[in-house]
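In: dropping a prediction and its sequence here:
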Amino acid sequence: MCPKTSKTTPLLLIGGICFVIVLVGITGITLINNINLSNIIRLNEKVASDSVSNNENQIKELNYVNNHPRNVYLKLNASRDDAEDEPMQKEQEQLELPKVSAVVGGSAPKVGDNQLKESSEGISASMSTSSHTSAGELTSTASVGVAPTSVTAPPLPFGGVMYNQSGGLIDYEKRNQVVKMMEHAWHNYKLYAWGKNELRPLSQRPHSASIFGSYDLGATIVDGLDTLYIMGLEKEYREGRDWIERKFSLDNISAELSVFETNIRFVGGMLTLYAFTGDPLYKEKAQHVADKLLPAFQTPTGIPYALVNTKTGVAKNYGWASGGSSILSEFGTLHLEFAYLSDITGNPLYRERVQTIRQVLKEIEKPKGLYPNFLNPKTGKWGQLHMSLGALGDSYYEYLLKAWLQSGQTDEEAREMYDEAMLAILDKMVRTSPGGLTYVSDLKFDRLEHKMDHLACFSGGLFALGAATWQNDYTDKYMEVGKGITNTCHESYIRAPTQLGPEAFRFSEAVEARALRSQEKYYILRPETFESYFVLWRLTHDQKYRDWGWEAVLALEKHCRTAHGYCGLRNVYQQEPQKDDVQQSFFLAETLKYLYLLFSDDSVLPLDEWVFNTEAHPLPIKGANAYYRQAPVTLPVSNAS
Ligand code: DMJ
């Protein structure tokens, strides 16, 4: 009766079994990937909801693709290959670039020439590859600040494309590795901590340090965005830009922010993005953040407090800082950002604030010509007489030199104060170990503490930059000490089994360039040593600096990389050190940027056109860089009436 039924039954049975197997398989895979899949879905939803709906308009508005200098360069080269006879001038006109000769033909452009349109076209002008001759060779290896007289290179301010046709100075393989590191750091931040301040790679959740006032300020986005831009990571850059537009605001929150950290990371980051792109969003945001910091400057001396509440404007100093003092490295590291903000907004108020700080520091009596780390903002008197080129002092000295550079070497007061301070430091704090290592000691009252912070490793680059930019009686000494300190910091790395340097290292009869105390043995992804490798590489082209940088890349990959981002280490002297579970925002802003630049051609952010703030956000040099984007001066609102 049912031959048909009996034939179809096994088929149905087989079909059913197959269905069940497939179902079990899918369920299994889903369970295995449960966390990742749901994270990815959540992330996609979050990123999507954070992005504006008509992305296309935004891209067009920003014109990132066409106007990213890297693409401008590619476009120029491509068209040259296609139509060799076509005059270069025509291509430049199409791309709205200034004539190269007008920018670098031996005379710096006038301020008026530099006023780029703040337009929907983003970058509408470019600048020189001033470190090359027409033959693609370097013009000078030991000096910056002097424009070459003849340059036929196409404009290439940054973006990592090689101008030197002979293969020259880009180390592609190593640089690509750094780009991959950036992608890994960024994608995991995006996946697990999007919009929060930092990432905890091991626990795959957000992290926030107290410096961010326990609010979600997207510190990693703002700090890391210019690095993405420089590396040409366009998709990631756009996601970050969208987040800033839609989410970043200090209005209606009551956060107690560090004036210094907020300035160097947020104001500095936005200013660089504004210089790169001309996108008014970044100028508005930079000003918005700086305005929130202004109440901290309401002190009898004008020396700002360390912390300010974004809602109430109430400001104060850290309880631990010598008798209610403000800290030199904090109030002394505002100058570059505030000066540039005045110039692009036309509002002199910001510059006035930092100029007041400068005058106090210029006029105050300095013990033995040195600046102590603590200054009371009410009395204008020094606190404890502790001096350091590391923690609490460091970037004040950096900003003296760089304020002079940023001004196109017209702010002579800054250079004089820099030279006076560094000569005193050379005399009273720089020493050579029995093993021949140059280091900068801390000084407490009259006693040298033969210890150097990792933070002080930036000073190798600083001494060298000071030497390369001005010829005086101390030039050779500055360069020698700059090289010596950089070498010592490298030693502090290679004397550790991880090949990564400790937070502080000491010099005694028994040890050199090694941490002794347990609380000095950690490494938190800091950039200062690589910063000095980068500066010294640019100034000398000694291959060893690149080799040292590559050693560091390998060490970071071996010890700090995890499946979900990069962590610091608790003890660099252990073979298998424990990780600290924090991916610092400065790892993206500084560490990876300096490593990327170390393996790049000199035309990527040339040192005679850009000056790096202390968080590695490059700012344009006035009179030498078409990206300066100076606005006409207007009176500040408070003085306008
Ligand atoms: C950064 O935030 C800046 O470089 C600052 O000047 C010092 N410390 C960190 C990185 O180590």
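Out: The structure has been received and is ready for your questions.

In: interface residues of the protein facing the ligand?
Out: Ser395, Leu455, Arg526, Pro527, Phe586, Glu590, Thr614, Glu615 (Cβ under 6 Å from any ligand atom). Bear in mind the C-beta positions are built from the backbone N, C-alpha and C, glycine included.

In: could you look up the SS state of the residue of the stretch 251-400 of the chain found nearest the ligand?
Out: Using Cβ to the nearest ligand atom, the single residue of the stretch 251-400 of the chain nearest to the ligand is Ser395, 4.5 Å away. With DSSP: H, G, I helix; E, B strand; the rest coil as the basis, Ser395 sits in helix.

In: so Met452 sits in a helix?
Out: No. Under the criterion used here (three-state DSSP), Met452 is strand, not part of a helix.

In: isn't it right next to Leu437, touching?
Out: No. If you go by Cβ atoms under 8 Å, Met452 and Leu437 don't touch, sitting 9.6 Å apart.

In: common neighbours of those two, please.
Out: Common neighbours of Met452 and Leu437, using Cβ atoms under 8 Å, 6 or more residues apart in numbering, are Thr488, Phe507.

In: ok, the two, which is more surrounded?
Out: Between Met452 and Leu437, counted using other Cβ atoms under 10 Å, Met452 has the larger neighbour count: 29 against 20.

In: distance of that one relative to the ligand?
Out: 14 Å (Cβ to the nearest ligand atom, to the nearest Å).

In: chain neighbours aside, what residue packs nearest to that residue?
Out: Excluding its sequence neighbours, the residue lying closest to Met452 (Cβ to Cβ, 6 or more residues apart in numbering) is Tyr439, at 4.8 Å.

In: sketch out the low-pLDDT regions of the stretch 151-300 of the chain for me.
Out: Scanning the stretch 151-300 of the chain for pLDDT under 70 picks out the ranges 151-168.

In: now the strands for it?
Out: Ranges of strands in the stretch 151-300 of the chain, per DSSP state E, counting those that start in this stretch, are 198-200, 205-207, 256-258.

In: so which elements touch the last one?
Out: Going back to what we said before, that points to strand 256-258. If you count contacts as 3 or more Cβ pairs under 8 Å, 6 or more residues apart in numbering; DSSP states H and E, strand 256-258 packs onto strand 307-309.

In: the helix or strand just after the strand it packs on pairs with which strands?
Out: Counting by DSSP states H and E, the next helix or strand C-terminal to strand 307-309 is strand 315-316. If you go by DSSP bridges, strand 315-316 pairs up with strand 307-309 (antiparallel).

In: what comes into contact with the partner strand?
Out: Residues outside strand 307-309 that contact it (Cβ under 8 Å, 6+ apart) are 254-259, 292-293, 295-296, 314-318.

In: if we use 10 Å, what do you get?
Out: Identification of contacts with strand 307-309 by Cβ atoms under 10 Å, 6 or more residues apart in numbering yields 210-211, 213, 253-262, 292-298, 314-318, 330.

In: out of the residues you listed, name the ones that lie in helices.
Out: Val259, Phe260, Glu261, Lys292, Leu293, Glu330 (DSSP state H).

In: out of the residues you listed, who has the most neighbours?
Out: Ranked by neighbour count (other Cβ under 10 Å), these have Leu293 at the top, with 28 neighbours.

In: residues touching that residue, list them.
Out: Contact partners of Leu293, counting by Cβ under 10 Å, 6+ apart, are 250, 257-260, 262-263, 266-267, 304-305, 308, 310, 313, 315, 334, 337-338, 350, 353.

In: helix or strand: which one has Ala467?
Out: Going by DSSP H and E, Ala467 is part of helix 459-469.

In: next: Leu443.
Out: strand 442-444.

In: buried set for that strand?
Out: Asp442, Leu443 (16 or more other Cβ atoms under 10 Å).

In: for the helix or strand just after that strand, enumerate the helices and strands it packs against.
Out: Later in the chain than strand 442-444, the nearest helix or strand by DSSP H and E is strand 447-449. With contacts defined as 3 or more Cβ pairs under 10 Å, 6 or more residues apart in numbering; DSSP states H and E, the packing partners of strand 447-449 are strand 442-444, strand 504-507.

In: now those strands in TSV, please, with extra columns for mean pLDDT.
Out: Shown next, in TSV, are the helices and strands packed on strand 447-449 (pLDDT from 0 to 100):
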stretch	mean pLDDT
strand 442-444	98
strand 504-507	98
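
In: save those strands as TSV, and put in distance to Arg570 too.
Out: Putting these into TSV (distance: least, Cβ to Cβ, whole Å) gives the following:
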stretch	distance to Arg570
strand 442-444	23
strand 504-507	15
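
In: okay, and the helix or strand of the chain with the least pLDDT?
Out: helix 100-104 (a mean of 21; mean pLDDT, DSSP states H and E).

In: in the protein, where is pLDDT below threshold?
Out: 1-168, 635-641.

In: out of the helices and strands packed on strand 447-449, which is closest to Ser203?
Out: Of all the helices and strands packed on strand 447-449, strand 504-507 sits nearest to Ser203, with 27.3 Å by Cβ to Cβ.

In: ok now the closest one, how far from the chain's centre?
Out: Averaged C-alpha coordinates place strand 504-507 at 26 Å from its chain's average position (Cα atoms, centre = their mean, to the nearest Å).

In: and for stretch 618-638?
Out: That offset, for stretch 618-638, works out to 20 Å (Cα atoms, centre = their mean).

In: can I get the CA coordinates of that stretch in CSV?
Out: The C-alpha trace of stretch 618-638 is given here as CSV (Å, rounded to 0.1, in the frame of the first residue of the first chain):
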residue,chain,number,x,y,z
PRO,A,618,52.5,68.3,15.8
LEU,A,619,51.7,72.0,15.6
PRO,A,620,52.7,74.1,12.6
ILE,A,621,55.6,76.6,12.7
LYS,A,622,54.6,80.1,12.1
GLY,A,623,56.0,81.6,8.9
ALA,A,624,57.4,78.2,7.7
ASN,A,625,54.3,76.2,7.3
ALA,A,626,51.3,76.8,5.1
TYR,A,627,49.1,74.9,7.5
TYR,A,628,49.4,77.6,10.2
ARG,A,629,45.9,78.9,9.4
GLN,A,630,46.2,82.2,11.3
ALA,A,631,43.0,84.1,11.7
PRO,A,632,42.7,87.9,11.8
VAL,A,633,43.0,89.2,15.4
THR,A,634,39.8,90.1,17.2
LEU,A,635,39.4,91.3,20.8
PRO,A,636,38.4,88.7,23.4
VAL,A,637,34.8,88.9,24.5
SER,A,638,35.7,90.1,28.0
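
In: right, I'll leave it there.
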